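Trainee: output the structure for:
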Amino acid sequence: MPDKADAAAQGKPSDLAAIITGLYVYPVKSCAGVQVQQAIVLDTGLEFDRAWMVVDGNGHFLTQRELPRMALIKPQLRRFEMILRAPGMLALHIALDQVEAPARVRIWNEDVTAFDMGPIAAQWFTDFLGVPARMVRFDPDHQRISNLDWTGGALALNQFNDGYPVLVISQASLDQFNDKLAARGFAAVGMERFRPNIVLGDAPGEVALAPHDEDRLEEFQVDTGQGPVRLKPVKPCARCPIPDIDPATAASSHEVGDTLQGYRQDARLKGAVTFGMNAIVLAGIDHLLRVGQPVGANYRFE
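Mentor: A predicted model of the protein is given here:
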């Protein structure tokens, strides 16, 4: 997707200042994430994010919703390969530049072209998950488009994401949530429960972010040194049961979801519980995001 930056937008003073305090990619959909210090911005989001997916014997996608043990599969990205590790399993090595047979898979209500990663990967996932499973990689020639009603007509691409290329959450939102957990007698949880790509934190010497400021932003711009990366929050992230799954143990309990129900029912999504904002890339393809980069943002007024 080409850059759509315009001079007026770039010259507008920022309403608030922040910094990137965390970057995460999730190479295999619904498996553990990888915290990174830097990531290349693609038109589909961050490089390697949801580039692979696990499917059942019929080609339908599998997630932690049905198989919480997927949370225990931990990827590691190296220069030429991804290494997957899981309890009781030998490591699975996946070359970053190799695929096997073409495949057709289904994610939600969409049929998507992909590439099967072969019998060794299939056996590895089948053995660990206890169900017939195969691993596939997204076909970069396939255009999977985010919902145009929410993007305002902008063409936003993604890979095996649930629907949008980037998820943004502020540290202030998590801090407030953990305060509410503590008030109910529960231990704090980490940001990994909510699976963001970008975490926004307070910039030194600037006004602190308010909880869920990400909900109120029209756009934010990251100063990369190569040029701006411009991201537009477009849709609140509706929450399924995955945040109730402890990523360290794959055990599920209800305190996270129940706490969210108490204060995050969102009229924009007909009362669904939301946490974080799905965003699309407006400008900055091939630029490098890094932890610590400054972010300027403008509020949305309706």
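Trainee: mind listing what's buried along the longest helix along the chain?
Mentor: If you go by DSSP state H, the chain has its longest helix at helix 171-183. The neighbour-count check on helix 171-183 (16 or more other Cβ atoms under 10 Å) flags Gln171, Ala172, Ser173, Leu174, Phe177, Asn178, Leu181 as buried. For glycine as for every other residue, the C-beta is placed from the backbone atoms N, C-alpha and C.
Trainee: Ala279: which of those is nearest?
Mentor: Proximity of these to Ala279 (Cβ to Cβ) peaks at Ser173, which lies at 14.4 Å.
Trainee: quick one: the helices in the stretch 151-300 of the chain?
Mentor: Taking DSSP state H, counting those that start in this stretch as the criterion, the stretch 151-300 of the chain contains helices spanning 171-183, 255-261.
Trainee: please identify which of those is closest to Phe125.
Mentor: Nearest to Phe125 among those is helix 255-261 (26.4 Å), distances taken as Cβ to Cβ.
Trainee: which residues belonging to the closest one are considered buried?
Mentor: Val256, Gly257, Thr259, Leu260.
Trainee: ditto for stretch 292-302
Mentor: Neighbour counts using 16+ other Cβ under 10 Å place Gln293, Pro294, Val295, Gly296, Ala297, Asn298 of stretch 292-302 among the buried residues.
Trainee: hang on, the earlier thing: next, format the buried residues of helix 171-183 as CSV and append pLDDT and distance to Leu282.
Mentor: Converted to CSV, those look like this (pLDDT from 0 to 100; distance: Cβ to Cβ, whole Å):
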residue, pLDDT, distance to Leu282
Gln171, 98, 23
Ala172, 98, 24
Ser173, 98, 22
Leu174, 98, 25
Phe177, 98, 28
Asn178, 98, 32
Leu181, 98, 35
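Trainee: show me the shaky parts of this structure.
Mentor: Residues of the chain meeting the criterion pLDDT under 70: 1-13, 302.
Trainee: hang on, isn't Val256 packed against Cys240?
Mentor: No - under the criterion of Cβ atoms under 8 Å, Val256 makes no contact with Cys240, lying 11.4 Å away.
Trainee: who touches Gln226 in this structure?
Mentor: Gln226 is in contact with Gly284, His287, Leu288, counting by Cβ atoms under 8 Å, 6 or more residues apart in numbering.
Trainee: actually Pro27, sorry about that
Mentor: Taking Cβ under 8 Å, 6+ apart, we find Pro27 in contact with Val34, Phe48, Asp49, Arg50, Ala51, Trp52, Pro75, Leu77, Met82.
Trainee: ok, it to Leu174 distance?
Mentor: Per Cβ to Cβ, to the nearest Å, Pro27 is found 23 Å from Leu174.
Trainee: now Met82
Mentor: Distance from Met82 to Leu174, by Cβ to Cβ: 27 Å.
Trainee: to Gly118, which of the helices of the stretch 151-300 of the chain lies closest?
Mentor: Of all the helices of the stretch 151-300 of the chain, helix 255-261 sits nearest to Gly118, with 36.3 Å by Cβ to Cβ.
Trainee: please state the offset of that closest one from the chain centre?
Mentor: Chain-centre distance of helix 255-261: 20 Å, with Cα atoms, centre = their mean, to the nearest Å.
Trainee: change the start of the numbering to 55 and stick with it
Mentor: Let's use 55 as the start, then, which means that last one is helix 309-315.
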